[in-house]
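Trainee: Turn this into a model:
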Amino acid sequence: MSAPSIQSRPRRESAAIHPSDVVSPSAQIGSDCYIGPYVIVGDEATLGERVRIDSHCVIDGRTRVGDDTHVFPFVSIGLPPQDLKFAGESTATEIGRRNRIREFVTIHRGTKGGGGLTKTGDDCFIMAQAHIAHDCALGNNVIMANAATLAGHVIVEDGANIGAYSGVHQFCRVGREAYIGGYSVEVKDALPFALTVGNHAKCYGLNKVGVRRRGYSPETISALHRAFHLLLSAKLNTTQAIERIREEIKNSEEVDELVRFVETSKRGVVK
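Mentor: Predicted coordinates:
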C-alpha cells in the first residue's frame, strides 16, 4: 500500500504538509517547508523557510525553528521543562539555522527563573537521543553525539564537541572548541580548546588534533600548549598559573580567552 501523498497548501506559502499532520492554524509556516506524516505543530510555533520536519515529531510551545533546519523522526522541541518549579509560565525555545537534529532528540523550553529561553545557534549537529534541557544556550557549530545530555542552564560555546553518552551538570559551561570524550561526566566547566574525558572528567590539555584541523597557526598552537602546561602540569595553583600565563604569553587572543574563561568560572574548571 502506497504512502498518502503530500498536499500543498497555498495558505502556508507553498509548504508541503502531510494530511495526517495536526498543524495549528495559528502556527507560522515559512515557504518551501516540508512537514511529514503524523507531526504535531502547536499554536505558537514558527518554522522558517525550507525547514524539514520528518515524521512523528512534536513542535510545541513558543518555539522558532530557523531556516534550512532538518528535524528527523520522533524529535520533540519546545515541550515543558523537567523542572518541578515550572508552573506553566510562557517561555520559549529557539533553534537556529541549518541545524540537523536527529532521531529522538528532546529540547525543552526555558523556565522563568532561568531566563525563559532555551536556544541553539546555527549549523549544530545534534545526534540521536541527545537531550538539551531548559535554559541551555548552544553556540554555532556545536556537535552533540548520541545520547549526550545537558542538564539545565548549561552554556556550550561555538564549535564544542560533546561525546556520546556524556552528561554535563546544570549551570556548567563548555568552552569554545572544547572536546568532551564519550561517557564523560562534567561537574565543572570544560576548558576551551581542551580535551576533557572521564567520570568524573579530567582535562588532558590542548586538543591538538582539533586546533590543527581548524587551521590555527603553529604560533597559536604553541602558545596554547604552553598555557595548558602551566595550568595543568606545572605544580601551580590556578591563581599562580594564571599569573605565569599572563607574564609569559603575550598577544594571543586564544590564550587570553582561556584565561578569561578560567577567571569567570563560577563552578570551577575541570583540571
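
Trainee: got the buried residues for the longest helix belonging to the chain?
Mentor: Counting by DSSP state H, the longest helix found in the chain is helix 218-232. Buried residues in helix 218-232, counted by 16 or more other CB atoms under 10 Å: 220-221, 223-224, 226-228, 230-232. Bear in mind the C-beta positions are built from the backbone N, C-alpha and C, glycine included.

Trainee: Give me the average confidence score over whichever helix or strand comes after that helix.
Mentor: Following helix 218-232 in sequence order, the next helix or strand is helix 238-248 (DSSP states H and E). Mean per-residue pLDDT for helix 238-248: 97.

Trainee: tilt between helix 238-248 and helix 218-232?
Mentor: Relative orientation of helix 238-248 and helix 218-232, computed by axes from the mean of the first three to the mean of the last three CA atoms, to 10 degrees: 150 degrees.

Trainee: CA atoms only for helix 238-248 - export them in PDB, please.
Mentor: Taking Å, rounded to 0.1, in the frame of the first residue of the first chain, the C-alpha atoms of helix 238-248 are listed here in PDB:
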ATOM      1  CA  THR A 238      45.200  28.200  39.500                       C
ATOM      2  CA  THR A 239      45.900  31.700  40.600                       C
ATOM      3  CA  GLN A 240      49.700  31.200  40.200                       C
ATOM      4  CA  ALA A 241      49.200  29.600  36.800                       C
ATOM      5  CA  ILE A 242      47.100  32.500  35.500                       C
ATOM      6  CA  GLU A 243      49.800  34.900  36.700                       C
ATOM      7  CA  ARG A 244      52.500  33.000  34.900                       C
ATOM      8  CA  ILE A 245      50.500  32.700  31.700                       C
ATOM      9  CA  ARG A 246      50.000  36.500  31.700                       C
ATOM     10  CA  GLU A 247      53.700  37.100  32.300                       C
ATOM     11  CA  GLU A 248      55.000  34.600  29.700                       C
END
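
Trainee: next helix or strand past that helix?
Mentor: Going down the chain from helix 238-248, the next helix or strand is helix 253-263, by DSSP H and E.

Trainee: And the buried residues of helix 218-232, which is closest to residue 251?
Mentor: The shortest approach to residue 251 among the buried residues of helix 218-232 belongs to residue 223, at 8.6 Å (CB to CB).

Trainee: residues in contact with the closest one?
Mentor: Residue 223 makes contacts with 249, 252, 254-255, as judged by CB atoms under 8 Å, 6 or more residues apart in numbering.

Trainee: Please report the distance of it from residue 190.
Mentor: 20 Å (CB to CB, to the nearest Å).

Trainee: which residues of the stretch 1-150 of the chain score low on pLDDT?
Mentor: Under the criterion pLDDT under 70, the flagged ranges of the stretch 1-150 of the chain are 1-13.

Trainee: switch to 80 and redo it
Mentor: 1-14 (pLDDT under 80).

Trainee: How about the contacts made by the residue nearest to the spatial centre of the chain?
Mentor: Centroid-nearest residue in the chain, with CA atoms, centre = their mean: residue 138, separated by 3.7 Å. By CB under 8 Å, 6+ apart, the contact set of residue 138 is 119-121, 124, 132, 156.

Trainee: Can you pick out the most distant pair from those?
Mentor: Pairwise distances across these (CB to CB) peak at 12.0 Å, for the pair 121 and 132.
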